[in-house]
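In: Just need the structure, nothing else, for what follows:
(2 chains)
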Amino acid sequence: MLDPKLYREDPEQVRAALLRRGKGFDLDALLRLDQEKRALGAELDGLKAERNSASEAIAQLKRSGGDAAAAIEKTRSLGNRIKEIQDKADAAEENWRSLALLCPNLPHASVPDGKSSADNKVVKTWGEIPSAEKSFPDHLEIGAKLKLFDFERGAKISGRGFPIYTGMGARLERALINFFLDFHVASGFTEISPPQLVSRASMTGTGQLPKFEEDMYRCGDDDLFLVPTAEVPVTNMHAGEILDAASLPLSYCAYTACFRREAGSWGADTRGFLRLHQFDKVEMVKFSLPEKSYGELEKLREQGEELLRRLELPYRVLELCTGDLGFGAAKCYDLEVWAPAEKKWLEVSSCSNFEDFQARRADIRAKIQGKPLFVHTLNGSGLATPRILVAFLENHYTEKGTVRLPTVLRPYFGGLEEIGPP
RNA sequence: GGAAGGGUGGCCGAGAGGUUUAAGGCGUCGGUCUCGAAAACCGAUUUACGGGAAACCGUAACGUGGGUUCAAAUCCCACCUCUUCCGCCA
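Out: Numbering: from 1, shown residues only, chains lettered A, B, ... in the order given. Below you'll find the model as predicted:
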């Protein structure tokens, strides 16, 4: 949610910033609703002030033993008038809020202009990309040979997009999750194991709702949502709190399964592990002082990059352009790994600074110089496993028909150096 | 799932329709005293929205949302949540 003062005081600047994103948002409607809400609020406050002083007069009259019946009768109609305006004011407030929740965040000034993912800026590339001539077995073929996963049976149980990991595949999945968490904890992050079903309020706090409800799995009887990312429960841990400024930045990491309906996104990149309804991810979440948040964003990105280097996977870093920026993000880096058989870059992490966009929705503040101010929230995948698995198998497949394990993963396999056929 | 009892400021805790401007205590900050500190004493100590150049003024908030009333922390209803007990259960 945007700070209303921004568009009240300088609507043209907000309009220009929103326009950089490309997608239309009706700022004029928001301004109109804001105006309406404030006008009714002022009228209501005046009427209530009138009633308060009338009530006080009645109290005094009664205390001194006088007859208040006439005064009470006179004040009664004021009550009806207040109720009427109150209803209008409530409706105006609700209209304003519904629209305000649909307004995306403003991009940071440093974010490059652009219309789509084609305009994202490559800021860094690491590792060696094999020549395009050379052909590689893809992850499905490797997985089949080594019996690492079973898509058919997964589909039988739940439908497509719900893979089963089997044998060494399951172990590799678990090893990756543990490696990620262990690395973050060693770097000073606090590990969280959060609820994986969350309330509507939590989903609204981080910005998944109300706009993206059709992409979420919902348990209707209880109005709970399966988490699409650990960002939701971990960020909302501090909803409604005033944090100790001295404790910032707070750095958390959490593993959860992630559930996404991916409504409307079928058709492209849906083979194998490339797009799933359920997948595993370790997420990093930070709460920062406003003036420190962009420094924290760089650190978050570096934290993700280090995982990729240790897994010995070639990767690149993209700075997303204004047109590709997520709904709540002010600035975002994507990490992509190279999959040699797919001959594609695969997104495995998104590191975003939301500034106070989520903090405003979820009411997360810190007392800064005596004043409670909204903190900045950040999050980044560190990392999501399915596409890591694709790149991992394709990059580390050996001529012997085995998958070589980088040294950092070997402790999770009792020292084993490679994964062979069962 | 059933029963009972709770939810009040940063914290503890009183208040049971109008002298609440939420007592009292703790904590925190400032001051007096002191070489300095402690103690004691004095004072201050929520937030949001609206108006105003400012001083300040108005409104709201006692778990949440409704209702009754001229007037609600206080009465009524629903819900959330905590504690205890019972039932079920990994």
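In: alpha carbons only for contacts and neighbour counts from here, please
Out: OK.
In: Looking at chain A, which residue is nearest RNA strand B?
Out: Proximity of chain A to RNA strand B (CA to the nearest atom of the strand) peaks at residue A:49, 3.2 Å away.
In: who are the neighbours in contact with that residue?
Out: Applying CA atoms under 8 Å, 6 or more residues apart in numbering to residue A:49 gives no contacts.
In: Next one, pLDDT for it please.
Out: pLDDT, residue A:49: 89.
In: Over to residue A:264?
Out: On pLDDT, residue A:264 comes in at 61.
In: Grab the nearest non-local neighbour of residue A:374.
Out: residue A:365 (4.2 Å; CA to CA, 6 or more residues apart in numbering).
In: and that neighbour, how many residues sit next to it?
Out: 25 (other CA atoms under 10 Å).
In: Same question for residue A:188.
Out: Other residues within reach of residue A:188, judged by other CA under 10 Å, total 12.
In: ok, back up a step: confirm the residue of chain A closest to RNA strand B sits in a strand?
Out: No: under DSSP: H, G, I helix; E, B strand; the rest coil, residue A:49 sits outside any strand and is assigned helix.
In: I'd like the distance between it and residue A:82.
Out: Distance, residue A:49 to residue A:82, using CA to CA, to the nearest Å: 11 Å.
In: For the residue nearest to residue A:374, list the residues it contacts.
Out: Listed by CA under 8 Å, 6+ apart, the contact partners of residue A:365 are A:240, A:241, A:242, A:243, A:359, A:372, A:373, A:374, A:375.
In: filter the residues you listed by proximity to RNA strand B?
Out: Residues of these in contact with RNA strand B (CA under 7 Å from any atom of the strand): A:372, A:373.
In: and the contacts of residue A:365, which are buried?
Out: Among the contacts of residue A:365, the ones that count as buried by 16 or more other CA atoms under 10 Å are A:242, A:243, A:359, A:373, A:374, A:375.
In: possible to save the contacts of residue A:365 as a markdown table with pLDDT and secondary structure?
Out: As requested, these are arranged in a markdown table below (pLDDT from 0 to 100; DSSP: H, G, I helix; E, B strand; the rest coil):
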| residue | pLDDT | secondary structure |
| --- | --- | --- |
| A:240 | 84 | coil |
| A:241 | 84 | coil |
| A:242 | 82 | strand |
| A:243 | 84 | strand |
| A:359 | 92 | helix |
| A:372 | 82 | strand |
| A:373 | 86 | strand |
| A:374 | 89 | strand |
| A:375 | 91 | coil |
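In: number of nearby residues for residue A:402?
Out: There are 18 residues near residue A:402, going by other CA under 10 Å.
In: Am I right that it is in contact with residue A:420?
Out: Yes: the criterion here is CA atoms under 8 Å, and residue A:402 meets it with residue A:420 at 4.7 Å.
In: need the residues of the stretch 251-400 of chain A near RNA strand B, please.
Out: By CA under 7 Å from any atom of the strand, the residues of the stretch 251-400 of chain A that approach RNA strand B are A:370, A:371, A:372, A:373.
In: Show the contacting residues for the last one.
Out: Counting by CA under 8 Å, 6+ apart, residue A:373 touches A:365, A:366, A:367.
In: tell me which parts of the stretch 51-200 of chain A are close to RNA strand B?
Out: Residues of the stretch 51-200 of chain A lying near RNA strand B (CA under 7 Å from any atom of the strand): A:51-56, A:58-60, A:62-63, A:72-73, A:75-76, A:79.
In: Start from the N-terminal end of the stretch 51-200 of chain A and give the strands.
Out: Counting by DSSP state E, counting those that start in this stretch, the stretch 51-200 of chain A has strands at residues A:121-126, A:149-150, A:164-165, A:190-192, A:197-199.
In: wait, isn't residue A:68 in contact with residue A:55?
Out: No: using CA under 8 Å, residue A:68 is not in contact with residue A:55; the gap is 10.2 Å.
In: hang on, the earlier thing: now rank the residues of the stretch 51-200 of chain A next to RNA strand B by neighbours and give me the top one.
Out: residue A:58 leads these on contacts (other CA under 10 Å) with 20 neighbours.
In: quick one: that one and residue A:72 touch, right?
Out: Yes: contact criterion CA under 8 Å: residue A:58 and residue A:72 qualify, at 7.1 Å.
In: Identify the contacts common to those two.
Out: In contact with both residue A:58 and residue A:72: no residue, using CA under 8 Å, 6+ apart.
In: before we move on, back to that, kindly provide the distance from the residue nearest to residue A:374 to residue A:243.
Out: In terms of CA to CA, residue A:365 sits 6 Å off from residue A:243.
In: what touches both of these two?
Out: With the criterion set as CA under 8 Å, 6+ apart, the contacts of residue A:365 and residue A:243 do not overlap.
In: Would you double-check that residue A:382 falls in a helix?
Out: No: Residue A:382: not assigned to a helix; according to three-state DSSP it is strand.
In: List the contacts of residue A:408.
Out: Neighbours of residue A:408 in contact, by CA under 8 Å, 6+ apart: A:179, A:310, A:311.
In: And for residue A:177?
Out: By CA under 8 Å, 6+ apart, the contact set of residue A:177 is A:255, A:280, A:281, A:282, A:385.
In: quick one: pLDDT of it?
Out: So, for residue A:177, pLDDT stands at 98.
In: all helices of the stretch 201-350 of chain A, in order?
Out: Listed in chain order, the helices of the stretch 201-350 of chain A (DSSP state H, counting those that start in this stretch) span A:231-236, A:293-310.
In: I'd like to know if the shortest one reaches RNA strand B anywhere along the stretch.
Out: What it means is helix A:231-236. No: figure legend: helix A:231-236 not in contact with RNA strand B (CA under 7 Å from any atom of the strand); closest approach 14.7 Å.
In: so how far is that helix from its chain's centroid?
Out: 8 Å (CA atoms, centre = their mean, to the nearest Å).
In: in that helix, what's buried?
Out: Those would be A:231, A:232, A:233, A:234, A:235, A:236, for helix A:231-236 by 16+ other CA under 10 Å.
In: Identify the residue nearest the second one in space, chain neighbours excluded?
Out: Spatial nearest neighbour of residue A:232, chain neighbours left out: residue A:206 (5.9 Å); criterion: CA to CA, 6+ apart.
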